[in-house]
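Chemist: Predicted coordinates and the sequence they were generated for:
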Amino acid sequence: MRCRISHPDLPMRSTWFFAFRQAANGLIASLALCCAVFAQEALLVDSGPFNSGVAVEPSPVAKTIVPEVPRQHSFWDGENLALFGAVAALSTADFATTRVNLQNGGKELDPVTRPFGRSTAGLAVNFAGETAGVIGLSYCFHKTRHHKLERLTSMVNIGASTAAVTYDLTHR
């Protein structure tokens, strides 16, 4: 997903960089798999004073205080638009630096991206799919009311893309 390039004359990326990338990918995958399990919904309890036409005093146990449900924000609000714009921009920068390094004799080190790196179109599809995947996962979190995870998904991708672009620019 990131630009994993090593120039033939330069040493390969250090182990910490691969560990960071693998941890970020694992976090995103595990969050995607468990989003439905941890769906948050407010429970509404009908504890009215009448039951079958007979007035009944509700017991203290039956009274449930339901917190106010916060107003749900729109998925395409300003903050998400800014985050998705940054994801798209950094994915484009990652694509460009990867492409240049591959054309200059570099080697794709990521086994997932390696099959796509043989052509410019394949590499473009890989990075476009990554961007679409981040937006789709954010939408999944939005629909299940995990709004912090919705935004965190984009932020993790932005951080990983920034690290990849920085590495590629310093190891040309």
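Modeler: Received the coordinates, thanks. Numbering: from 1, shown residues only.
Chemist: so what's residue 120 closest to, chain neighbours aside?
Modeler: Leaving aside its sequence neighbours, residue 120 sits nearest to residue 99 (C-beta to C-beta, 6 or more residues apart in numbering; 6.0 Å). In short, each C-beta sits where N, CA and C put it, glycine included.
Chemist: so where does that neighbour fall, helix or strand?
Modeler: Element membership for residue 99 (DSSP states H and E) is helix 78-103.
Chemist: mean confidence for that helix?
Modeler: Averaged over helix 78-103, pLDDT sits at 95.
Chemist: burial of residue 111, as a residue count?
Modeler: Neighbour count for residue 111, taken as other C-beta atoms under 10 Å: 8.
Chemist: mind pulling up the phi and psi values for it?
Modeler: Main-chain dihedrals, residue 111, degrees, to the nearest 10: phi -70, psi -20.
Chemist: please renumber so the chain begins at 210
Modeler: With the count now opening at 210, the last piece we talked about shows up as residue 320.
Chemist: Quickly note the distance from it to residue 352.
Modeler: Distance, residue 320 to residue 352, using C-beta to C-beta, to the nearest Å: 32 Å.
Chemist: ok, now residue 327?
Modeler: Separation of residue 327 from residue 352 (C-beta to C-beta): 36 Å.
Chemist: Those two: which has the busier surroundings?
Modeler: Each of residue 327 and residue 352 has its neighbours counted (other C-beta under 10 Å); residue 352 has more, 14 against 11.
Chemist: how close does the more buried one get to residue 319?
Modeler: According to C-beta to C-beta, residue 352 and residue 319 sit 30 Å apart.
Chemist: same thing with residue 367?
Modeler: According to C-beta to C-beta, residue 367 and residue 319 sit 18 Å apart.
Chemist: These two: which has the busier surroundings?
Modeler: residue 319 (20 against 17).
Chemist: Below-threshold pLDDT in the protein: ranges please.
Modeler: Within the chain, the segments meeting pLDDT under 70 span 210-273, 278-279.
Chemist: That one: strands as residue ranges?
Modeler: Counting by DSSP state E, residue ranges of the strands within the chain are 214-215, 259-260, 263-264, 316-317.
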